[in-house]
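S.K.: got a sequence here, can you model it:
(one chain, ligands or ions: 3)
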Amino acid sequence: HDCLPVYFRQRWPSSRRKTRFTGGVERTLVAVKPDGVQRRYVGQIIQRFEKRGFKLVGLKMLQASDGLLSQHYRELVKKPFYPNLVDYMTSGPVVAMVWEGLNVVQSSRRMVGPTNPAEAPAGTVRGDLSLHVSRNVVHASDSVEGAEREIKLWFEGKELLNWECYDHSLTYKEDK
Ligand SMILES: Nc1ncnc2c1ncn2[C@@H]1O[C@H](COP(=O)(O)OP(=O)(O)OP(=O)(O)O)[C@@H](O)[C@H]1O
Ligand SMILES: O=c1ccn([C@@H]2O[C@H](COP(=O)(O)OP(=O)(O)O)[C@@H](O)[C@H]2O)c(=O)[nH]1
Ligand SMILES: [Mg+2]
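M.R.: Numbers count the residues shown, from 1 in each chain. Ligands and ions are numbered 1, 2, ... in the order given. Below you'll find the predicted structure:
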């Protein structure tokens, strides 16, 4: 977390009152998959994260390679659907981004919805925009450790920017 701005380096104190934060300020990898790009959903997906209050700190469009995907999906390489997954993920450009904010890993997973769109509630990206598990529009890291690993895989350090949102004090309550 050395690359986070100074005011983010501490974890949020778990509160004296009812409100409890499970985590601190985190970063996560979100990627619009080739079907999402082809269907022109990039703007809508970015907008959901902006509206929620998260901060965009990295963004690029790329053609994913087999090598990158075998590392990204290293837990899935033995699965029977893995060759199809690679065909899907290399079928066109992917838009990869890094979002930063309080509990962003868990919150973005909730915004994206379950892997299978059939189980994804309306209001989630997958529940609103997709039907089939093999065309589920978007990726989001599923743990803080996974996010750190994936961000290193998809981005170089210099591609991630530290910047201050002017509305920070409106979206965060910082304890004195
Ligand atoms: N049973 C399956 N059949 C076909 N495709 C699958 C299946 N399970 C997973 N996939 C595909 O592999 C991807 C990775 O599976 P994973 O279990 O990591 O789901 P996820 O974490 O929800 O997705 P992602 O990692 O892309 O965000 C899924 O998003 C989906 O596209
Ligand atoms: O049975 C499956 C499971 C997963 N996937 C694809 O593999 C991706 C990664 O799977 P993971 O389990 O990581 O799900 P996610 O994290 O994407 O929800 C999914 O998003 C799907 O695109 C698939 O095609 N079939
Ligand atoms: Mg996954």
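S.K.: which residues of the chain lie near ligand 2?
M.R.: Proximity of the chain to ligand 2 (C-beta under 6 Å from any ligand atom) is limited to residues Leu76, Phe81, Leu85, Thr115, Val133, Ser134, Asn136, His139, Asp142. C-beta: built from backbone N, CA, C; applies to glycine.
S.K.: looking at these, which has the most residues close by?
M.R.: Among the residues of the chain next to ligand 2, Asn136 has the most neighbours (other C-beta atoms under 10 Å), with 23 neighbours.
S.K.: ok, now how distant is that residue from ligand 1?
M.R.: 5 Å (C-beta to the nearest ligand atom, to the nearest Å).
S.K.: before we move on, what about Lys79?
M.R.: Lys79 sits 7 Å away from ligand 1, going by C-beta to the nearest ligand atom.
S.K.: any idea of the pLDDT on the residue lying closest to that residue once chain neighbours are set aside?
M.R.: Among residues not flanking Lys79 along the chain, Leu85 sits closest, at 7.7 Å (C-beta to C-beta, 6 or more residues apart in numbering). Leu85 is assigned 98 on the pLDDT scale.
S.K.: surely Leu85 is in contact with Glu75?
M.R.: No. Taking C-beta atoms under 8 Å as the definition, Leu85 is not a contact partner of Glu75, at 11.6 Å.
S.K.: residue contacts, Pro93?
M.R.: Taking C-beta atoms under 8 Å, 6 or more residues apart in numbering, we find Pro93 in contact with Pro34, Val37, Met61, Leu62, Gln63.
S.K.: residue contacts, the closest residue to the first one other than its chain neighbours?
M.R.: For Pro34, the nearest residue in space outside its immediate sequence neighbours is Gly92; the separation is 3.8 Å by C-beta to C-beta, 6+ apart. By C-beta under 8 Å, 6+ apart, the contact set of Gly92 is Pro34, Val37, Gln38, Gln63.
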